[in-house]
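> Generate a structure from the sequence data that follows.
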Amino acid sequence: MGKRIVNAYKTVNKDQAYGLKDAVKIVKENATAKFDETIDVAINLGVDPKYADQMVRGVCSLPHGNGKTVRVAVLAQGEKADEAKAAGADIVGAENLIDSILSGKVDFDRCIATPDMMGLAGKVARVLGPKGLMPNPKLGTVTMDVANAVKKAKAGEVQYRVEKNGIVHAGIAKASFSEDQIYDNAKTFIDAIIKAKPAGAKGTYLKKISLSSTMGVGIKVDTTAL
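The predicted structure follows:
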């Protein structure tokens, strides 16, 4: 553990659960690296994602964006390809984009496709699937409204999916954001996870929440107040 983290924990009780606003304040104050650290929320859920009725997956639009530059690829042709380009997509293509992906070039963070392109997209499912980039109608990335999907992705819409150990996490802000902006984004993300509670979840759903920055302290958040 670095000297900076040790010093930070001298003023913070790492075993105490703080209210979300207090947790935001502490994390921001201790995000003192020489770069703009990412603020991350990690939520331990009372689910077993190996069962379909306990899967937690979706998208969340953050009110202040997440501060990340998102590169968006769109599988489309004709008019829809033109719409994607006009909306700010970084890469737009059809067969040529598929060939590029198959050659190992995956230089994007989000992949959107029109429904008619999904047959073609199947060729790269083994490449995009493990990276969480495969277009999916449940995530709004298979759509005819490609312009809106591109704009949302660019604006800081985050995708989330619970891991096999029951944890879901996301980078929801940058340390340079104001405390109010970080709080708003964190609260919005947590609320989205609460609303996404699956039918098969039994017992305590929100087991533990922590807020941290890339190089800073991790702070427990009091789930009872949420």
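
> what's near enough to touch the closest residue to residue 166 other than its chain neighbours?
Spatial nearest neighbour of residue 166, chain neighbours left out: residue 45 (5.0 Å); criterion: C-beta to C-beta, 6 or more residues apart in numbering. In this view, the C-beta of every residue, glycine as well, is placed from N, C-alpha and C. When contacts are counted by C-beta atoms under 8 Å, 6 or more residues apart in numbering, residue 45 touches 56, 162, 166, 167, 168, 193, 201, 205, 206, 207.

> Could you measure from residue 45 over to residue 59?
Separation of residue 45 from residue 59 (C-beta to C-beta, to the nearest Å) stands at 17 Å.

> For residue 55, grab the count of nearby residues.
16 (other C-beta atoms under 10 Å).

> so residue 184 is in which element?
helix 179-195 (DSSP states H and E).

> Show me how far that helix is from its chain's centre.
Computed by C-alpha atoms, centre = their mean, to the nearest Å, the chain-centroid distance of helix 179-195 equals 12 Å.

> same thing with stretch 67-78?
Stretch 67-78 sits 16 Å away from the centroid of its parent chain (C-alpha atoms, centre = their mean).

> same question, stretch 67-79
Taking C-alpha atoms, centre = their mean, one finds the center of stretch 67-79 at 17 Å from the center of the full chain.

> Might you list the low-confidence residue ranges for the protein?
1-10 (pLDDT under 70).

> which residues in it form strands?
Using DSSP state E, the strands of the chain run over 17-18, 38-45, 57-61, 72-75, 91-93, 110-113, 157-161, 167-174, 206-213, 218-221.

> need the contact list for the spatially most central residue of the chain.
When the chain is reduced to its mean C-alpha position, the nearest residue by C-alpha atoms, centre = their mean turns out to be residue 158, at 3.6 Å. Contacts of residue 158 were listed using C-beta under 8 Å, 6+ apart, and they are 59, 60, 62, 66, 170, 171, 172, 189.
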